[in-house]
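Participant: Any chance you could fold what I've pasted below:
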Amino acid sequence: MTKIEVVTQIGDVLTQIDALLSAPDFSPSTPEWQQLFALRKHLDDQQRELVQEIIKDDTASFQNLAKQLSAAADSLKKVAGNIAKIGSILQTVSTVSSVVDKILSHL
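Facilitator: Numbers count the residues shown, from 1 in each chain. Next comes the predicted model:
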């Protein structure tokens with residue numbers, strides 16, 4: 001996976017989060033909505049930072065982290081359609097953000 005693919009995958013996760021946030025049965029007045037929105041903002045900031053950084057994406061460390069990011073993004077796809085699983089959704093988005101933090105710390 002390359003830096004561009006990682007940035008694209010983060011964009012896909014952001015799109016999934018946007019769809020969840022706009023779901024008619026998910027109210028902005030709930031704490032879970034607010035928490036997901038805050039995670040979305042943080043992930044968006046991370047994506048922007050990643051775009052601006054020069055990253056050696058051919059290292060074993062980067063490839064390992066990219067695989068972790070891909071696995072977390074795939075997990076989000078599995079639960080994102082069911083707002084009743086908001087706990088799993090929040091945990092998965094937190095995992096995605098944590099992996100991106102690790103990628104950024106390896107710069």
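Participant: SS state for the residue nearest the centre of the chain?
Facilitator: Centre of the chain computed as the mean C-alpha position; nearest residue by Cα atoms, centre = their mean is V96, 4.2 Å away. On the three-state scheme (DSSP: H, G, I helix; E, B strand; the rest coil), V96 is labelled helix.
Participant: Now do it, the pLDDT please.
Facilitator: pLDDT, V96: 92.
Participant: do M1 as well
Facilitator: pLDDT, M1: 86.
Participant: Go ahead and confirm the residue nearest to the centre of the chain touches V13.
Facilitator: Yes. The criterion here is Cβ atoms under 8 Å, and V96 meets it with V13 at 5.5 Å. Every C-beta, even on glycine, is put in place using the N, C-alpha and C of the backbone.
Participant: which neighbours do these two share?
Facilitator: Each of 43, 73, 76 lies in contact with both V96 and V13 under the rule Cβ atoms under 8 Å, 6 or more residues apart in numbering.
Participant: got any ranges where the chain has weak pLDDT?
Facilitator: Where the chain drops to pLDDT under 70, the residues are 107.
Participant: Helices of that one, residue ranges please.
Facilitator: Along the chain, the segments classed as helices by DSSP state H run 3-21, 31-52, 60-79, 86-105.
Participant: got a list of what the residue nearest to the centre of the chain touches?
Facilitator: Residues in contact with V96 (Cβ under 8 Å, 6+ apart) are 10, 13, 43, 69, 72-73, 76.
Participant: With distance to Q52 and neighbour count added, can I get those in TSV?
Facilitator: TSV is the format used below for the contacts of V96 (distance: Cβ to Cβ, whole Å; neighbours: other Cβ atoms under 10 Å):
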residue	distance to Q52	neighbour count
I10	13	24
V13	19	24
L43	15	20
L69	18	24
A72	22	21
A73	21	20
L76	24	20
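Participant: which one of those residues sits closest to L50?
Facilitator: I10 (7.2 Å; Cβ to Cβ).
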